[in-house]
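Student: any chance you can model this:
(one chain, ligands or ions: 2)
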Amino acid sequence: RQTGPASYLEGLNPEQIRAVETIDGPVLVLAGAGTGKTRVLTTRIAHILATGKAYPSQILAVTFTNKAAREMKERIGVLVGGAVEGMPWLGTFHSIGVRLLRRHAELVGLRSDFTILDTDDQIRLIKQLIQAEGLDDKRWPGRQFAMMIDGWKNKGFGPAEIPEGDARSFANGKGRELFEAYQNRLKTLNACDFGDLLCHPIRIFRNHPDILKEYHDKFRYILVDEYQDTNTAQYMWLRLIAQGSHNVCCVGDDDQSIYGWRGAEVDNILRFEKDFPGAVVIRLERNYRSTAHILGAASHLISHNEGRLGKTLFTDQADDDHEKVMVHAAWDSEEEARAVGEEIEQLQRRDHRLNDMAILVRASFQMREFEDRFVTLGLNYRVIGGPRFYERLEIRDAMAYFRVVCQPADDLAFERIVNTPKRGLGEAAVRQLHDYARARGLPLLKAASDLVMTEEMKPRPRKALTDVVENFQRWSSLLENTPHTELAEQILEDSGYTAMWQNDKSADAPGRLDNLKELIRSMEDFESMRGFLEHVSLVMDAEQNEDLDAVSIMTLHSAKGLEFETIFLPGWEEGLFPHQRALDEGGRSGLEEERRLAYVGLTRAKVNCHIWFVSNRRIHGLWQSTIPSRFLDELPSEHADVAEPDTSYGGYGATAVGGGYGASRFDEAEPFSGSYNTPGWRRAQANRNDATRQNWGTRSGHAVERIGYGETDSGYGA
Ligand code: ATP
Ligand code: MG
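Tutor: Ligands and ions are numbered 1, 2, ... in the order given. Have a look, this model is predicted:
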């Protein structure tokens, strides 16, 4: 039907074509960022379809995000001219897991209309079980156990398989029992959690060879993107299902493995050749995405990691046409956000689209400053892979308190926090309050203050509600005469809200505490609490429209696989990036994962890449002088340009100390000579270094443990 090479192969290089056309037998494409791995996968599907090797329904393709799956579907449609009957099984491990499980739910004791619990439901359920065991749920927090269960399920463990030590470590040795009780409870509820979406199918495949055979016969071709970030359970699942045809193609890059903290096993790459004998390994070396400077900078940076599989990367783009990676200094994060905003506006004036720009942050609390700035400037933005700052759970809770203080009749806000943190106001008590308020036409808070004066309530809830009422009365009385940030802090303390997260052992709690601190910080820019609340309602009103031309803001973790013309990377300071938690872990592995994250960040850029570091950042509510990230030292000067430090602030500056970066502010005698990279400056920093580290290292235990470490898209971050 066709003469010459098929049209979808046009423009591919020989290695890529080989990766597309080698469709029988196991294939591993191991290649650096931007070499066309994802493009190869997409084209491979088109090739399989166009050559009639399989029907769409006989292809199984796994992507890392749902968004990537949607894009891949569209691309395939274009490549094969839209004339495909049906569609491949294309989605994330989780979404494919749901599909499988709906078909065979009864085999694991569920009905096909089972529900999928979100994290909150999951934790509530676990809490009930802990209480039912007669255990103190403060000592054994549900969240912590939910995390343990996730960890086990990432490894494919059921209650019978968890290591003895793990089982003993929780709830006076009742870990295994609790896990079992949890699974039984899920069954009764006809529900499963995210981990089950993988573990149930694995169990079904293992216990029902006939069903596994069905899928072996069905799926002729299996493809997996971002293979370096699969966890053990995913790998088990994949190996089971791929035993049939053996036509499995995985593409990945060990240098981009950034989910180790969530159980991803980069070793799965090494195991591939062992588990799939005769695997063809294909390496792609030409990068099509980035300029030579960006690629040079990224390659040099990642070369500081040990234990890499090692890859070559080159580009045909000439050096001199493009700008180097630009490293900028700013005084503080506000200045940083302002400067990034200016740069974006300049680009816009030169006809660049906002859609082509992205800001990638290490921790989600960094987003707040940018969001506020963009609202002020009227720049459209969208937050990818998570809620916007003011939409986060802990921020909404805190704001609800502030709203009731400023506006006591705000019933929605009152309802939100009347029993958050838990203070013994059960459903019955809240209902009683509602009825009482409705009968008298009163707002809830007013009704509460009347109700607690009567004998109508049971003593316990009555006491609890009295405390709430008295708290709000006191806070309201402070509203006019106390500095509003101080009051805000006090509200979160007195109400027990801060303590609630401090006592929370889950991975996202420290990130939430950071967000709360950031919230208070952001209030400083306003005259009053009311003024601040008004501002937030405006921010929340800003449009989040998919079709709008808008700057993207996201964490580095959620930027995987994406590309933009211009990338902004703020916050390259020690303790933030690399993250303190990774540094505290000691050893190389935490730091190396941070460096891979930096590599992922840099390699998202096609043309321009701007890195920022600030000399002062407020972390955990305290101003701290910072040290530029060690990763900056790892950028070669032939590919990275370090701009003159920011001297726009009076009092620290050019006149006093030559180059003028900060020395006078930090009582350092050593003048700074214009590059942060000089030995003299380094030495000067080293003195501050200890102080800074101590600050970050010792403050209030858990808060320091991890500044939103591990915050990302999928449920783990705040
Ligand atoms: P990452 O590791 O970041 O996921 P990747 O290896 O998956 O990157 P792709 O996203 O597939 O790389 O490709 C990077 C860019 O290069 C895309 O814009 C893609 O369209 C383009 N590209 C890939 N191969 C070619 C080619 N042969 N000719 C022109 N452009 C190409
Ligand atoms: Mg890719």
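
Student: so which residues of the stretch 351-500 of the chain form helices?
Tutor: Under the criterion DSSP state H, counting those that start in this stretch, helices of the stretch 351-500 of the chain are mapped to 367-377, 393-406, 411-417, 427-440, 444-451, 459-478, 484-494, 497-502.

Student: could the ones you listed be laid out in a markdown table, adding distance to Pro141 and mean pLDDT?
Tutor: From N, CA and C alone the C-beta is placed, and that goes for glycine too. What follows is those, written out as a markdown table (distance: least, Cβ to Cβ, whole Å; pLDDT from 0 to 100):
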| stretch | distance to Pro141 | mean pLDDT |
| --- | --- | --- |
| helix 367-377 | 27 | 91 |
| helix 393-406 | 16 | 93 |
| helix 411-417 | 20 | 88 |
| helix 427-440 | 22 | 91 |
| helix 444-451 | 29 | 94 |
| helix 459-478 | 21 | 94 |
| helix 484-494 | 20 | 95 |
| helix 497-502 | 11 | 94 |
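
Student: remind me which helix or strand Ile211 belongs to.
Tutor: When elements are assigned from DSSP states H and E, Ile211 belongs to helix 209-218.

Student: distance from the next helix or strand after that helix to the middle of the chain?
Tutor: Note on helix 209-218: by DSSP H and E, the next helix or strand toward the C-terminus is strand 221-224. For strand 221-224, the distance from its own C-alpha centre to the chain's C-alpha centre is 26 Å (Cα atoms, centre = their mean, to the nearest Å).

Student: tell me the mean pLDDT for strand 221-224?
Tutor: Within the predicted structure, the mean pLDDT of strand 221-224 is 97.

Student: direction included, what does it pair against?
Tutor: Strand 221-224 has the following strand partners under DSSP bridges: strand 59-62 (parallel), strand 248-252 (parallel).

Student: let's have those in JSON lines, adding mean neighbour count, distance to ligand 2 and mean pLDDT.
Tutor: Rendered in JSON lines, the data for the strands paired with strand 221-224 read as follows (neighbours: other Cβ atoms under 10 Å; distance: least, Cβ to the ion, whole Å; pLDDT from 0 to 100):
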{"stretch": "strand 59-62", "mean neighbour count": "24", "distance to ligand 2": "13", "mean pLDDT": "96"}
{"stretch": "strand 248-252", "mean neighbour count": "26", "distance to ligand 2": "7", "mean pLDDT": "96"}
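
Student: just put the ones you listed in TSV and tack on distance to ligand 1.
Tutor: Formatted as TSV, the entries for the strands paired with strand 221-224 read as follows, by distance: least, Cβ to the nearest ligand atom, whole Å:
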stretch	distance to ligand 1
strand 59-62	14
strand 248-252	7
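
Student: in three-state terms, label the residue lying closest to Asn172 once chain neighbours are set aside for me.
Tutor: When the adjacent residues along the chain are set aside, Asn172 lies closest to Leu135, with 7.1 Å between them (Cβ to Cβ, 6 or more residues apart in numbering). Three-state assignment for Leu135 (DSSP: H, G, I helix; E, B strand; the rest coil): coil.

Student: check Asp24 too.
Tutor: Relying on three-state DSSP, one would call Asp24 coil.

Student: and Met147, by the same measure?
Tutor: Reduced to three states with three-state DSSP, the structure at Met147 is helix.

Student: pretty sure it contacts Asp504?
Tutor: No: with contact defined as Cβ atoms under 8 Å, Met147 and Asp504 do not form a contacting pair (10.7 Å).

Student: what about whichever residue of the chain sits closest to ligand 2, neighbour count?
Tutor: At 3.3 Å from ligand 2, Thr38 is the closest residue in the chain, using Cβ to the ion. When neighbours are defined as other Cβ atoms under 10 Å, Thr38 has 20 of them.

Student: for it, pull up the helix or strand it's in.
Tutor: Taking DSSP H and E as the definition, Thr38 sits inside helix 37-50.

Student: tell me the mean pLDDT for the longest strand along the chain?
Tutor: Ranked by residue count, the top strand of the chain under DSSP state E comes out as strand 605-619. Summarised as a single mean, pLDDT over strand 605-619 is 92.

Student: so which bits of the next helix or strand after that strand are buried?
Tutor: Stepping forward along the backbone from strand 605-619, the first helix or strand reached (DSSP H and E) is strand 622-625. Of the residues in strand 622-625, those buried by neighbour count under the rule 16 or more other Cβ atoms under 10 Å are 624-625.

Student: so how far is Arg462 from the residue lying farthest from the centre of the chain?
Tutor: Note on the chain: the largest C-alpha distance from the chain mean falls to Glu455, namely 49.3 Å (Cα atoms, centre = their mean). Distance of Glu455 to Arg462, computed by Cβ to Cβ, to the nearest Å: 9 Å.

Student: now do Thr312
Tutor: 73 Å.

Student: who's more crowded, the two?
Tutor: Here Thr312 and Arg462 are set side by side on neighbour count (other Cβ under 10 Å), and the busier one is Arg462, at 19 against 11.

Student: report whether the expected contact of the more buried one with Val452 is present.
Tutor: Yes: between Arg462 and Val452 there is a contact at 5.5 Å, judged by Cβ under 8 Å.

Student: I figured Ala429 hits Pro459, correct?
Tutor: No: counting by Cβ under 8 Å, Ala429 sits too far from Pro459 to count as a contact (11.1 Å).

Student: how many residues are close by the spatially closest residue to Pro421 that is not a sequence neighbour?
Tutor: Ranked by Cβ to Cβ, 6+ apart and with sequence neighbours excluded, the top spatial neighbour of Pro421 is Met500, at 3.9 Å. Met500 has 17 neighbouring residues, counting by other Cβ under 10 Å.

Student: now do Glu574
Tutor: A total of 22 residues lie near Glu574 under the criterion other Cβ under 10 Å.

Student: show the backbone phi and psi for it.
Tutor: As for Glu574, its main-chain torsions (degrees, to the nearest 10) stand at phi -60, psi 140.

Student: report pLDDT for it.
Tutor: At Glu574, the predicted lDDT confidence score is 93.

Student: any idea how far it is from ligand 1?
Tutor: With the distance defined as Cβ to the nearest ligand atom, to the nearest Å, Glu574 ends up 26 Å from ligand 1.

Student: excluding chain neighbours, what is closest to that residue?
Tutor: Nearest residue to Glu574 in three dimensions, chain neighbours excluded: Ile627, at 4.4 Å (Cβ to Cβ, 6+ apart).

Student: pretty sure the one you found contacts Leu576?
Tutor: No: the criterion here is Cβ under 8 Å, and Ile627 misses it with Leu576 at 10.3 Å.

Student: neighbour count winner among the two?
Tutor: Between Ile627 and Leu576, counted using other Cβ under 10 Å, Leu576 has the larger neighbour count: 25 against 20.

Student: hey, what's the more buried one bridged with?
Tutor: Counting by DSSP bridges, the residues bridging with Leu576 are His579.

Student: on that earlier part again, quick one: which of Ala429 and Pro459 has more around it?
Tutor: Regarding Ala429 and Pro459, a neighbour count based on other Cβ under 10 Å identifies Ala429 as having more, with 20 against 8.
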